[in-house]
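*Asks:* sequence first, then the predicted structure, then my questions.
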Amino acid sequence: MILDLLRHGETEQGGLRGSLDDALTDKGWAQMRSAVAEAGPWQVLVSSPLQRCARFADELGRRLDLTVQREAGLQELHFGDWEGRSAAQIMEDQEDALGRFWADPYACTPPNGEPVQAFAERVLAAVERLSRQHAGKRVLLVTHGGVMRLLLARARGLPKEQLLQVEVGHGVLVRLVMGGDGQLAEEH
């Protein structure tokens, strides 16, 4: 399965968005439209159910005459008490916890947040389901920065501690190939 990953564009609110269901800005829409303008073709279109992904996926699906498959397992990490807050705001009262999270997200969970290990298991299970459903096809997955970081880190063979060092900008499109053995590889 060829898995093209598209991160949603800029959203109306800043900070850690996680499970918050924010809309895209005009710039965010433009970022996503530009990313797919010369890409494709896709046989399958899958999206996180959050509107910053799903509304664009619906627009693209209408244009390409593809049904959009919603996949809740590919939602962003739930940041708990940190949702909606910027790194600067979190640093004001939880600098040590934020530092531990950035240094090793698997070892430090945001307060009342989703453990990164549980997030990883959820995302990888969803990707495995997609690979069984769409083996041999080219799939576009409209998703979030955390999901893309996780999948790219695995494809690159990075240690867990380096998860948050993977850069993924708004409206970025990258390609992974999933082999029959379930291994991910990045294609340039």
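*Replies:* In hand now; what should we look at? Since we're looking at a predicted model, the values are computed, not measured.
*Asks:* tell me, what residue is most central in this structure?
*Replies:* H144 (2.5 Å; C-alpha atoms, centre = their mean).
*Asks:* next, G9: secondary structure please.
*Replies:* coil (DSSP: H, G, I helix; E, B strand; the rest coil).
*Asks:* mind listing the helices for this protein?
*Replies:* For the chain, helices defined by DSSP state H occupy the ranges 26-36, 51-64, 87-103, 116-133, 145-156.
*Asks:* could I get the phi/psi values of the residue nearest to the centre of the chain?
*Replies:* phi -120, psi 160 (degrees, to the nearest 10).
*Asks:* from D58, how far out is it?
*Replies:* Using C-beta to C-beta, to the nearest Å, H144 is found at 17 Å from D58. (C-beta placed from N, C-alpha, C; glycine too.)
*Asks:* residues touching the residue lying closest to D58 once chain neighbours are set aside, list them.
*Replies:* Leaving out its chain neighbours, the residue that sits closest to D58 by C-beta to C-beta, 6 or more residues apart in numbering is V68, at 5.7 Å. The contact partners of V68, taken as C-beta atoms under 8 Å, 6 or more residues apart in numbering, are 45-47, 54, 57-58, 61.
*Asks:* next: L98.
*Replies:* L98 touches 82, 87, 90-91, counting by C-beta under 8 Å, 6+ apart.
*Asks:* rewinding a little: the helices of the chain: which one's closest to H8?
*Replies:* Between H8 and these, the tightest spacing by C-beta to C-beta is seen for helix 51-64, at 4.2 Å.
*Asks:* buried residues in the closest one?
*Replies:* 51-58, 60-61, 64 (16 or more other C-beta atoms under 10 Å).
*Asks:* do the same with stretch 15-23
*Replies:* 15-18, 20, 22.
*Asks:* how long is that stretch from one end to the other?
*Replies:* 14 Å (C-alpha to C-alpha, to the nearest Å).
*Asks:* same check on stretch 155-162?
*Replies:* Span of stretch 155-162 from end to end, C-alpha to C-alpha: 13 Å.
*Asks:* which elements pack onto the helix-or-strand element of the chain with minimal mean pLDDT?
*Replies:* Using mean pLDDT, DSSP states H and E, the weakest-scoring helix or strand in the chain turns out to be strand 184-187, at a mean of 89. Applying 3 or more C-beta pairs under 8 Å, 6 or more residues apart in numbering; DSSP states H and E, one finds that strand 184-187 makes contact with helix 145-156, strand 173-178.
*Asks:* go with 10 Å
*Replies:* strand 2-7, helix 116-133, helix 145-156, strand 173-178 (3 or more C-beta pairs under 10 Å, 6 or more residues apart in numbering; DSSP states H and E).
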